[in-house]
Each structure stands twice: as structure tokens, then as C-alpha cells.
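Colleague: Predicted structure and sequence below. I'll ask about it afterward.
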Amino acid sequence: MKGVFWKEGEPFTNSMSLIVSLLIRYPEIATLSLNPEEGSFAFSFIFKRAFSPAEIKELRENLTESLYAMLELNHQQATVLKISCRKSKGFSFLELKRDIISFSQEEITLVIGIIASKYNQEIIRDQEEGIAEDEQLFQEEMIDHMLEDLKDTRQERRLIGIREEGRVMIFNHS
């Protein structure tokens, strides 16, 4: 990562740190937004080609079934679980929307695993150098901690984190 930037004088919050950490740890995530009114995250992924309607249907079904199975195993119930996919100018854009309360880091790992199993060469990911395994474990522990903190804290700001050319930028859309 070349740097993390925020508006001068504005405090860097735990929710901002969580967004940055998730984008750094998972280079497949193109954008990540936090919607406090809905109490949800929206993760987006970009693919190098436009998927056929059959591919979109299959990917959405695989992700939906897998996420509901994980929720069931964890004795959780989602209030928000939406998966959408759109095509534009030869690219496919996948968005996963999840409620903060029942969301776990394992879900994003599962989603990326499912995507990589079929579309590894087609997903656009940051070309950042690989992160050492011990650093990955540390980041995952920090993400879990920040996620739990976020679940216990009322969020006021609508935030979006965007990855661009090795940088993570966070915008406040409140």
C-alpha cells in the first residue's frame, strides 16, 4: 500500500480502520461501503469480462447457498443478504450486501474462495506484493476485533473505501 489518506483534521475512526484493513487484507475487494442507516456493508468485486446470464445465475446461487449454510452453522440469521451482478462495457460487477450484526470475516473468505475457484484469472485484484502469513494472521485478528467493536457501536457516517493503484481512499458520504 502506498498510503492511507483522510481529510485533514477529521479523526480516523474504528470503522475507517476496519474498511482499510479489509481492503488491504483482501485485494479482491474493489470497494467496501458502510451504510449505518441500513446497518450493512456492501462489498464489490470487478471481473475482466461480462458474464453470461447463466454464469451470473450460477455464481449468485453458489454464493447465496454457501452464505446461508455458513450462517446456519454459526447459528446466525441475516437481516440483509443481497447479491447482485451487473455488466458494463465488457466488465462484470458483483456486489454483496450484508448486515453488520451477523457478518463474520469468514464469510468474505468464503466468498473470495468461491469466486477464485472459478474466476481466479478474471477477478481484478490489487497487484500489491503478497503479505507474509504472520502479517495476514495479525490483520485477521485485528479485523475480527474491529468488527466486534463495530457491532457494539452505533455508526453515524456513511463511508466508502476504494482501492486504486495501491492506495485505499475513504470517503465520508454522510
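Modeller: Alright, I've got the coordinates.

Colleague: which ones are touching the residue nearest to residue 56 when sequence neighbours are not counted?
Modeller: Residue nearest to residue 56 in three dimensions, not counting chain neighbours: residue 85, with 4.6 Å by C-beta to C-beta, 6 or more residues apart in numbering. C-beta here means a position set from N, CA and C on the backbone, and glycine is covered the same way. Contact partners of residue 85, counting by C-beta atoms under 8 Å, 6 or more residues apart in numbering, are 51, 56, 59, 60, 92, 93, 94, 95.

Colleague: Give the bridge partners for residue 85, please.
Modeller: For residue 85, the beta-bridge partners are residue 94 (DSSP bridges).

Colleague: quick one: it from residue 61, how far?
Modeller: Using C-beta to C-beta, to the nearest Å, residue 85 is found at 11 Å from residue 61.

Colleague: ok, the contacts of residue 85 vs residue 152, which is closest?
Modeller: Nearest to residue 152 among the contacts of residue 85 is residue 95, at 26.0 Å by C-beta to C-beta.

Colleague: so which of the contacts of residue 85 comes closest to residue 13?
Modeller: Using C-beta to C-beta, residue 95 comes nearest to residue 13 of these, at 23.5 Å.

Colleague: Any idea what residue 81 is bridged to?
Modeller: Under the criterion used (DSSP bridges), residue 81 bridges to residue 98.

Colleague: separation between the residue nearest to residue 86 when sequence neighbours are not counted and residue 148?
Modeller: Using C-beta to C-beta, 6+ apart and skipping residues adjacent in sequence, the residue nearest residue 86 is residue 93, 5.2 Å away. For residue 93, the distance to residue 148 (C-beta to C-beta) stands at 30 Å.

Colleague: again, but for residue 86
Modeller: Distance from residue 86 to residue 148, by C-beta to C-beta: 32 Å.

Colleague: So what does the spatially most central residue of the chain look like in phi/psi?
Modeller: Most central in the chain under C-alpha atoms, centre = their mean is residue 43, positioned 3.7 Å from the mean C-alpha point. Torsion angles at residue 43 (phi, psi; degrees, to the nearest 10) stand at phi -100, psi 130.

Colleague: Contacts only, for it.
Modeller: Contacts for residue 43 (C-beta under 8 Å, 6+ apart) come out as 29, 31, 32, 95, 96, 97, 98, 108, 111.
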